[in-house]
Every structure is written in C-alpha cells, then in structure tokens.
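K.L.:
here is my input, please return the structure:
(one chain, ligands or ions: 1)
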Amino acid sequence: MKTQPSLLETVSKFNTEEMCVRHFEKIRWPKGLRCVRCDSDKARRMTGEAAKRFLYWCPDCRYQYTVTVGTIFHDSKIPLIKWFLAIYMICSERKESLRFN
Ligand SMILES: [Zn+2]
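P.N.:
The predicted structure is shown next:
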C-alpha cells in the first residue's frame with residue numbers, strides 16, 4: 001500500500017492553482033492534451049489573458065474548455081488548489097479542520 005504524502009509535501013507540490021491544473025492535466029491526458037469534444041490531439045493551451053484562466057483550445061472544432069470540464073469539479077467556483085487540499089484532508093488519517101478562509 002502506498003503511504004500518504006505528508007501535508008507539507010502536498011502543500012509544496014500544489015501551492016499554486018497552476019501546479020494543480022498541470023497535475024490534473026497529466027491525470028486527465030497522460031499521453032498529451034486532447035480535445036474533450038472531438039478528441040483531437042491538436043488541442044493546446046491558450047495564451048495571453050486566456051492562459052490566466054487555464055483555458056484550452058481545439059483548432060479542429062474550435063472548442064474552448066478547461067481541464068475540469070465534464071468532471072465533478074466543473075462549474076465549481078472553488079479553485080482546484082482548495083479541492084486538492086480538501087481531498088488530501090478527507091483522505092488523511094488526521095481529521096484536520098476543513099476551513100480555508
Ligand atoms: Zn475539438
């Protein structure tokens with residue numbers, strides 16, 4: 001059985017929204033970015049202002065999407081960084097407070 005990483009390891013690995021998005025990307029598309037609508041392998045990360053919202057774009061079907069589209073995290077106003085911590089705490093033996101604010 002895999003041992004659970006410490007809270008410190010988890011926090012240092014996922015300490016920005018971008019780090020969480022990139023990790024989720026690797027889980028979702030382990031062989032490289034794919035379009036969630038047409039499955040094209042030409043999908044890519046958007047640049048400029050859209051990059052700040054971590055948007056992806058497919059040149060084949062012109063669809064724009066985020067890494068969470070079609071997942072339980074879609075439409076959540078809670079950033080992934082908070083979800084990751086919450087999931088860590090739920091999975092942790094130590095039941096620490098789930099308050100973030
Ligand atoms: Zn597409």
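K.L.:
ok, which residues in the protein are in contact with the ion?
P.N.:
Residues of the chain lying near the ion by CB under 5 Å from the ion: 35, 37-38, 40, 58, 60-61, 63. (Glycine included, C-beta is placed from N, CA and C.)
K.L.:
now, of those residues, which are buried?
P.N.:
Using 16 or more other CB atoms under 10 Å as the burial test, the residues of the chain next to the ion include 35, 37, 40, 58, 63 as buried.
K.L.:
now Arg28. Nearest residue, chain neighbours left out?
P.N.:
Val67 (6.2 Å; CB to CB, 6 or more residues apart in numbering).
K.L.:
buried residues in the worst-scoring helix or strand of the chain on mean pLDDT?
P.N.:
Every helix and strand of the chain was ranked by mean pLDDT, DSSP states H and E. The lowest is helix 7-13, at a mean of 86. For helix 7-13, a neighbour-count test (16+ other CB under 10 Å) marks Thr10 as buried.
K.L.:
which helix or strand lies directly C-terminal to it?
P.N.:
helix 17-28 (DSSP states H and E).
K.L.:
that following helix packs against which elements?
P.N.:
helix 80-91 (3 or more CB pairs under 8 Å, 6 or more residues apart in numbering; DSSP states H and E).
K.L.:
so how far is the helix it packs on from its chain's centroid?
P.N.:
Computed by CA atoms, centre = their mean, to the nearest Å, the chain-centroid distance of helix 80-91 equals 11 Å.
K.L.:
name the helices or strands packed onto that helix?
P.N.:
With 3+ CB pairs under 8 Å, 6+ apart as the test, helix 80-91 has helix 7-13, helix 17-28 packed against it.
K.L.:
identify all contacting residues around the shortest one.
P.N.:
Going back to what we said before, that points to helix 7-13. Helix 7-13 is contacted from outside by 5, 19, 23, 84-85, 88, 92, 96, using CB atoms under 8 Å, 6 or more residues apart in numbering.
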